[in-house]
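Novice: heads up, no residue letters with this:
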């Protein structure tokens with residue numbers, strides 16, 4: 001334990017998670033690291049979540065509770081940032097939990113090496129099993145200069161051999177699983193964009209944050225437990241019908257960012273690949289949400305996406321070289337706008353990915 005522990009602000013957005021919230025808060029209160037500011041932002045819950053928040057705050061003075069009308073997870077996190085006073089910030093989703101030494105391990109690294117961001121591996125928690133996710137990097141790594149710039153570009157999108165696993169495109173963009181130097185967020189006025197505007201507030205926040213820091217450290221340790229079996233999660237509740245529009249606006253935000261910061265053409269190539277890959281998520285969402293529609297209407301929806309302005313010309317410049325054969329086939333069919341076969345492959349994909 002550090003002799004002079006810097007204050008760490010843990011920000012937890014909360015919406016209808018009374019089933020899981022106690023486990024989440026217990027994992028934070030049990031931390032071996034003591035100097036914590038635990039900010040709970042209740043985002044209009046209609047269950048007993050707020051009652052649980054106050055119950056815990058009465059037990060521990062480190063807990064601060066805010067409650068607001070339902071404005072979305074981005075608004076909740078932004079309110080947490082606004083009221084935080086710690087040297088470091090960590091985001092935890094209210095249905096997840098962290099290992100007992102998570103804060104002590106990450107703060108020790110950040111303090112010893114003056115690190116702006118410490119990020120780490122995690123577990124995927126299913127109802128009947130736990131799966132270790134260790135596909136980010138295989139060793140502890142310090143990033144600065146060129147290697148940090150490559151991380152930043154990687155968030156924009158994959159290039160060359162990074163295209164081999166399109167399903168892992170966002171392995172390290174989540175807001176959780178990270179210890180942030182708070183000043184880098186506040187001095188650069190970084191906030192989460194409303195999820196009503198873009199499909200993934202995490203991607204754009206990470207893209208901006210990696211663009212303003214001078215170093216980062218990856219700790220090859222699984223410290224975060226990400227719950228996959230809560231359909232009511234505050235971060236999993238967006239409607240699939242809104243996903244396409246959300247992706248389109250996300251890519252507009254990212255395109256504007258590239259222009260504003262005069263980033264090199266490699267970023268544009270990477271973003272083009274990201275846009276092309278997004279038809280995986282868009283397609284899977286449509287397959288999962290439109291099962292009650294007549295078959296031909298489901299095909300028409302996929303066709304309308306493939307023929308939209310979002311994908312116009314994208315697959316002409318898409319890098320197929322490193323894709324595995326099944327992904328190569330899928331995206332080739334996207335390029336040919338063969339909605340029927342794309343839909344067929346999505347059904348198979350959904351079965352094997354349990355999405």
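Specialist: Nice, I can see it. Here the structure is a predicted model, which means the values were calculated and not measured. Residues are numbered from 1 along each chain as shown.
Novice: contacting residues around residue 281?
Specialist: Residue 281 sits next to 243, 247 when contact means Cβ atoms under 8 Å, 6 or more residues apart in numbering. Quick note: C-beta positions are derived from backbone N, CA and C, even for glycine.
Novice: what's the answer for residue 48, then?
Specialist: Contacts for residue 48 (Cβ under 8 Å, 6+ apart) come out as residue 18.
Novice: got it, and residue 30?
Specialist: Counting by Cβ under 8 Å, 6+ apart, residue 30 has contacts residue 100.
Novice: tell me the secondary structure for residue 223?
Specialist: Using DSSP: H, G, I helix; E, B strand; the rest coil, the secondary structure recorded for residue 223 is strand.
Novice: what's the neighbour count on the closest residue in space to it that isn't next to it in sequence?
Specialist: Take residue 223 and drop its neighbours on the chain: the residue closest to it by Cβ to Cβ, 6 or more residues apart in numbering is residue 102, 4.3 Å away. Neighbour count of residue 102, defined by other Cβ atoms under 10 Å: 26.
Novice: Distance of residue 102 relative to residue 253?
Specialist: In this view, residue 102 and residue 253 are 31 Å apart by Cβ to Cβ, to the nearest Å.
Novice: just residue 334 next, same as before
Specialist: 23 Å.
Novice: which of those two has more neighbours?
Specialist: Comparing residue 334 with residue 253 by other Cβ under 10 Å, the one with more neighbours is residue 334, at 25 against 15.
Novice: hang on, that one packs against residue 278?
Specialist: No - taking contacts as Cβ atoms under 8 Å, residue 334 lies outside contact range of residue 278: 10.3 Å.
Novice: Can you pull up the most central residue in the chain?
Specialist: residue 174 (2.6 Å; Cα atoms, centre = their mean).
Novice: May I ask which helix or strand encompasses that one?
Specialist: Under DSSP states H and E, no helix or strand contains residue 174.
Novice: those helices in the stretch 251-355 of the chain, which residues are they?
Specialist: Along the stretch 251-355 of the chain, the stretches classed as helices by DSSP state H, counting those that start in this stretch are 265-277, 279-289, 295-306, 325-335, 339-353.
Novice: buried stuff in the longest one?
Specialist: Taking 16 or more other Cβ atoms under 10 Å as the basis for neighbour counts, the residues of helix 339-353 that come out buried are 339, 342, 343, 345, 346, 349.
Novice: what about the protein, any weak spots by pLDDT?
Specialist: Residue ranges of the chain with pLDDT under 70: 1-3, 229-241, 353-355.
Novice: thought residue 85 was touching residue 37?
Specialist: Yes - using Cβ under 8 Å, residue 85 is in contact with residue 37, at 6.2 Å.
Novice: Give the intersection of the neighbour lists for these two.
Specialist: With Cβ under 8 Å, 6+ apart, residue 85 and residue 37 have common neighbours 7, 9.
Novice: And the nearest residue to residue 191 once chain neighbours are set aside, how close does it get to residue 36?
Specialist: Residue nearest to residue 191 in three dimensions, not counting chain neighbours: residue 78, with 4.9 Å by Cβ to Cβ, 6+ apart. Going from residue 78 to residue 36 by Cβ to Cβ gives 20 Å.
Novice: do residue 316 as well
Specialist: Taken as Cβ to Cβ, the span from residue 316 to residue 36 is 51 Å.
Novice: who has more neighbours, the two?
Specialist: More crowded of residue 316 and residue 36, by other Cβ under 10 Å: residue 36, with 20 against 9.
Novice: Am I right that residue 40 sits in a strand?
Specialist: Yes - assessed with three-state DSSP, residue 40 lies in a strand.
Novice: neighbours of it, just the number please.
Specialist: Residue 40 is flanked by 28 other residues according to other Cβ under 10 Å.
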